[in-house]
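Engineer: just need the structure, nothing else, for what follows:
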Amino acid sequence: MEERMSETSKIDFWFDPICPWCWMTSRWIKDVEKVRDVEVQWHPFSLAVLNEGRDLPESYQKHMDEAWGPVRVATAVSERYGQSEVDALYTALGEEIHHRKNNDNKYSDAIEKALAATGLPAELAEFATSGESDERMRTSTKEGLEAAGGDDIGVPLMSINGVTFFGPVMSPAPTGEEAGKVFDGALALASYPGFFELKRPRNVGPIFNTEQ
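Structural biologist: Next up is the predicted model:
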């Protein structure tokens, strides 16, 4: 068991920048990168695409109508600049959207500030409304759903060594060595072929670690 745990773990993480629960799980993974031997691949996932054609409450439909921009830009960055840049952009977008509550005008200001913070070209903001990256965004979303085996889930969505889970959902996200210990548990569950589901009631809202 010790030899297996020392091997590099491959993580695929699907994210929509607007989701606070996904944001916290992603910050856990960023801390896991510091304390465990993992290799992370970041994949855009569109909640707006997931919810197309569904009968949603008016307030949530409005939320979905405004959700296209950040994930479109993230997809464009992923296509053109690769993993390190989409990782950095997601961090910058999350800090703007979730920590600074910068979510007006379909996240346009958050997108502009995130691009500036990461040194990416400002003109990438045009992808938020052009739809030019939509085909790849839809494909990435579909790939995440197919890996998870259904369309009745959303994000956070992650795969550990090829085993895909919805979650884990946590609030707040563990940090430091505690993040590593939680990951050890997730890795152990992923390594058992008969494991499928674990859930308990959620009794808190999003609690962000703003010092991360």
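
Engineer: check the burial of T139 by counting its neighbours.
Structural biologist: A count of nearby residues for T139, using other C-beta atoms under 10 Å, gives 13. For glycine as for every other residue, the C-beta is placed from the backbone atoms N, C-alpha and C.

Engineer: now do K113
Structural biologist: So K113, with other C-beta under 10 Å, has 16 neighbours.

Engineer: ok so F165 is a strand residue?
Structural biologist: Yes: counting by DSSP: H, G, I helix; E, B strand; the rest coil, F165 is part of a strand.

Engineer: and it, what does it touch?
Structural biologist: A148, L157, M158, S159, A186, A190 (C-beta atoms under 8 Å, 6 or more residues apart in numbering).

Engineer: identify the farthest-apart pair in these.
Structural biologist: Using C-beta to C-beta, the contacts of F165 reach their maximum pairwise distance at A148 and A186, which is 14.9 Å.

Engineer: tell me the pLDDT at V38?
Structural biologist: Here, the pLDDT recorded for V38 equals 97.

Engineer: surely it touches D12?
Structural biologist: No: assessed by C-beta atoms under 8 Å, V38 is found out of contact with D12, at 11.1 Å.

Engineer: if we can go back for a sec, tell me which of the contacts of F165 has the lowest pLDDT.
Structural biologist: If you rank those by pLDDT, A148 sits at the bottom with 90.

Engineer: count of neighbours near the closest residue to it other than its chain neighbours?
Structural biologist: The shortest distance from A148 to any non-neighbouring residue, by C-beta to C-beta, 6 or more residues apart in numbering, is to T164 (4.7 Å). The tally of other residues near T164 (other C-beta under 10 Å) stands at 18.

Engineer: do I have it right that T164 meets L145?
Structural biologist: No: using C-beta under 8 Å, T164 makes no contact with L145, being 9.5 Å away.

Engineer: wait, what's in contact with F195?
Structural biologist: Per C-beta under 8 Å, 6+ apart, neighbours of F195: L189.

Engineer: host element of it?
Structural biologist: Here F195 sits in a region with no helix or strand, counting by DSSP states H and E.

Engineer: now do it against L187, distance only.
Structural biologist: With distances taken as C-beta to C-beta, to the nearest Å, F195 is found 11 Å from L187.

Engineer: can you check N161 too?
Structural biologist: Noted for N161: a distance of 8 Å to L187, by C-beta to C-beta.

Engineer: between those two, point out the one with more neighbours.
Structural biologist: Neighbour count, other C-beta under 10 Å: between N161 and L187, L187 has more, with 19 against 15.

Engineer: now, the contacts of F165 that are in strands?
Structural biologist: Judged by DSSP state E, the subset of the contacts of F165 located in strands is L157, M158, S159.
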